[in-house]
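Peer 1: Could you look at this predicted model? Sequence included:
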Amino acid sequence: MGENGSITVFLLDDHEVVRRGVHEMLAMEPDIEVVGEAGPAADALSRIPAVRPDVAVLDVRLPDGSGVEVCREVRSRDESIRCLMLTSYADDEALFDAIMAGASGYVLKAIRGTELLSAVRDVAAGKSLLDPDATQRVLARLRGGPGEGDDRLARLTDQERRILDLIGDGLTNRAIGEELHLAEKTIKNYVSSLLSKLGMERRSQAAAYVARLQAEKRR
């Protein structure tokens, strides 16, 4: 928190006009303080840990990387920093990746200013916020996912099953390594192996798979 208990925010967007517009809108609020901003992902990765904002508002698509990658790296260093992804496009894969990276919210730039302000406040308060339309698509996709009886699970070793469950919990490779007392590189190799056995290419697909299995268990 900033002075007088204000919510501190860092902005990452490669479009200066957009960044300035969001900055000015946030700065007008008495309970919000913008403590930094960046255009390239590399700048954000060096500045965000230094200022430790309550909320990092991150553009998903950047010329030198992705806001999702920034989110994953920042939260692997400091989980107290909450990330709100801001994008022009409704992209299911990016949404999956954002969830996996530990983002608290994913909203479209088309939302109203008042809605963005509410999103920042909600995320700062520890709430999870996802764009309703995008969420519905993800849920529909999960409902069409593999069932618990899928024999692909039988191909996994006990360690791979444990790592798959942790992926479903949203942990990064580094966090999984700390949980299992293994090197991050070792976890990366395990993840590559289990994805291959499941016939998947992205860890976001594995997260969706776990979510589907957990949903079926609750039925």
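Peer 2: Great, that's in hand.

Peer 1: Which residue ranges of this protein form helices?
Peer 2: Here the chain has its helices, by DSSP state H, at 16-27, 41-51, 67-77, 92-101, 113-124, 132-143, 158-168, 173-180, 184-198, 203-218.

Peer 1: Quickly, which of those helices bottoms out on average pLDDT?
Peer 2: Of all those, the minimum mean pLDDT falls on helix 132-143 (a mean of 56).

Peer 1: before we move on, the earlier item: any chance of the helices of the chain in CSV with mean neighbour count and distance to T8 as columns?
Peer 2: All C-beta spots, glycine's among them, are computed from the backbone N, C-alpha and C. Formatted as CSV, the helices of the chain follow (neighbours: other CB atoms under 10 Å; distance: least, CB to CB, whole Å):
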stretch, mean neighbour count, distance to T8
helix 16-27, 15, 10
helix 41-51, 17, 7
helix 67-77, 22, 14
helix 92-101, 21, 20
helix 113-124, 18, 9
helix 132-143, 13, 27
helix 158-168, 17, 30
helix 173-180, 18, 24
helix 184-198, 16, 29
helix 203-218, 17, 29
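
Peer 1: what would those helices look like in a markdown table with distance to S6?
Peer 2: Output for the helices of the chain, formatted as a markdown table (distance: least, CB to CB, whole Å):
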| stretch | distance to S6 |
| --- | --- |
| helix 16-27 | 10 |
| helix 41-51 | 13 |
| helix 67-77 | 20 |
| helix 92-101 | 26 |
| helix 113-124 | 10 |
| helix 132-143 | 28 |
| helix 158-168 | 35 |
| helix 173-180 | 29 |
| helix 184-198 | 35 |
| helix 203-218 | 34 |
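
Peer 1: mind checking which of those helices is nearest G5?
Peer 2: helix 113-124 (10.9 Å; CB to CB).

Peer 1: now for that closest one, which elements pack on it?
Peer 2: Secondary-structure packing of helix 113-124 (3 or more CB pairs under 8 Å, 6 or more residues apart in numbering; DSSP states H and E): strand 7-12, helix 16-27, strand 32-38, strand 55-59, strand 82-87, strand 105-108, strand 129-130.

Peer 1: so which of the ones you listed is the most packed in?
Peer 2: Of all the helices and strands packed on helix 113-124, strand 55-59 has the most neighbours on average by mean count of other CB atoms under 10 Å, namely a mean of 28.

Peer 1: And that one, how far out from the chain middle?
Peer 2: Relative to its chain's centre, strand 55-59 lies at 10 Å (CA atoms, centre = their mean, to the nearest Å).

Peer 1: Counting by contacts, list what it packs against.
Peer 2: Strand 55-59 packs on strand 7-12, helix 41-51, helix 67-77, strand 82-87, helix 113-124, going by 3+ CB pairs under 8 Å, 6+ apart.

Peer 1: Select, out of those, the one closest to R155.
Peer 2: Evaluated over these, closeness to R155 peaks at helix 67-77, with 27.0 Å, by CB to CB.

Peer 1: elements contacting the closest one?
Peer 2: Packed against helix 67-77 by the contact rule (3+ CB pairs under 8 Å, 6+ apart) you find helix 41-51, strand 55-59, strand 82-87, helix 92-101.

Peer 1: Export the ones you listed to CSV and append columns for distance to V191.
Peer 2: CSV is the format used below for the helices and strands packed on helix 67-77 (distance: least, CB to CB, whole Å):
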stretch, distance to V191
helix 41-51, 22
strand 55-59, 23
strand 82-87, 21
helix 92-101, 11
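
Peer 1: These: which one's closest to M25?
Peer 2: M25 lies closest to strand 55-59 among the helices and strands packed on helix 67-77, at 11.0 Å (CB to CB).
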